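A.B. asks: Have a look; sequence and predicted model below, questions after that.
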Amino acid sequence: GQQLNQSPQSMFIQEGEDVSMNCTSSSIFNTWLWYKQDPGEGPVLLIALYKAGELTSNGRLTAQFGITRKDSFLNISASIPSDVGIYFCQGGSEKLVFGKGTKLTVNP
Amino acid sequence: SQTIHQWPATLVQPVGSPLSLECTVEGTSNPNLYWYRQAAGRGLQLLFYSVGIGQISSEVPQNLSASRPQDRQFILSSKKLLLSDSGFYLCAWSVSLNQPQHFGDGTRLSIL
């Protein structure tokens, strides 16, 4: 079945720093999605990618659909305390699977 | 617009008791529905998904079951809860299996 590797598992950064996380798959995907989960809530969609090479921004967030169609990256610029949470990638073709998440902690 | 409701928000149950968690979606027809479980600070484990009324796919063998008695209603059940059933249960819907999922606010289940 489809498998996703998301890294890093956790990150501890200072406010103002940039953040980068990624997901890789063992097979070619048609869709890559990125979500954020605030503590005690359900995940919320941040960015959706449907085309190889696609680069999409949402405020300080930028995500890319890798050219090989086997990976995706999420960057957060100039982090702020409210960026804390768990970030999940999700990818697939006919069906989607989640990565295990990246837990982000931002120190003021 | 579409909305998803999950209840209760928190639940404390003794070991061996039954469970029923309900999820309903409004504003869309024939959604794909999902149940996930999340241990504290961990990833999302897909438990069940449904592409239509009465159609349930199980991803993980366990003492939980799911039912979809109506188009926009998804129920997670257990006859006898185990300590390992504790966790954060999330319901979600999507237009199709390869489209973004929209989550409810979750139910935090504690087993004593």
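C.D. replies: Here it is on my side, so go on.

A.B. asks: roughly how far is the helix or strand where B:Leu47 lies from the heart of the chain?
C.D. replies: Assigned by DSSP states H and E, B:Leu47 belongs to strand B:44-52. Centroid separation for strand B:44-52 versus its chain: 8 Å, with C-alpha atoms, centre = their mean, to the nearest Å.

A.B. asks: near chain A at all, whichever helix or strand comes after it?
C.D. replies: Later in the chain than strand B:44-52, the nearest helix or strand by DSSP H and E is strand B:55-58. No - using C-beta under 8 Å from any C-beta of the partner chain, we find that strand B:55-58 stays clear of chain A, coming within 9.8 Å at best. Bear in mind the C-beta positions are built from the backbone N, C-alpha and C, glycine included.

A.B. asks: What's the separation between the most centrally placed residue in chain B and chain A?
C.D. replies: The centroid of chain B falls nearest to B:Trp35 when counting by C-alpha atoms, centre = their mean (3.1 Å). Computed as C-beta to the nearest C-beta, to the nearest Å, the B:Trp35 to chain A distance reads 12 Å.

A.B. asks: which residues touch that residue?
C.D. replies: Residues in contact with B:Trp35 (C-beta atoms under 8 Å, 6 or more residues apart in numbering or on different chains) are B:23, B:46-49, B:66, B:74, B:76, B:89-91.

A.B. asks: contacts with chain A among those, please.
C.D. replies: Restricting the contacts of B:Trp35 to contacts with chain A (C-beta under 8 Å from any C-beta) yields B:46, B:90.

A.B. asks: Now do residue 85, the pLDDT please.
C.D. replies: Picking chain A for this. A:Gly85 carries a pLDDT score of 96 in this model.

A.B. asks: switch to chain B, that's the one I care about
C.D. replies: B:Asp85 carries a pLDDT score of 94 in this model.

A.B. asks: That one - nearest residue in space that isn't next to it in sequence?
C.D. replies: If the residues on either side of it in the chain are set aside, B:Asp85 comes closest to B:Ile111, at 5.6 Å by C-beta to C-beta, 6 or more residues apart in numbering or on different chains.
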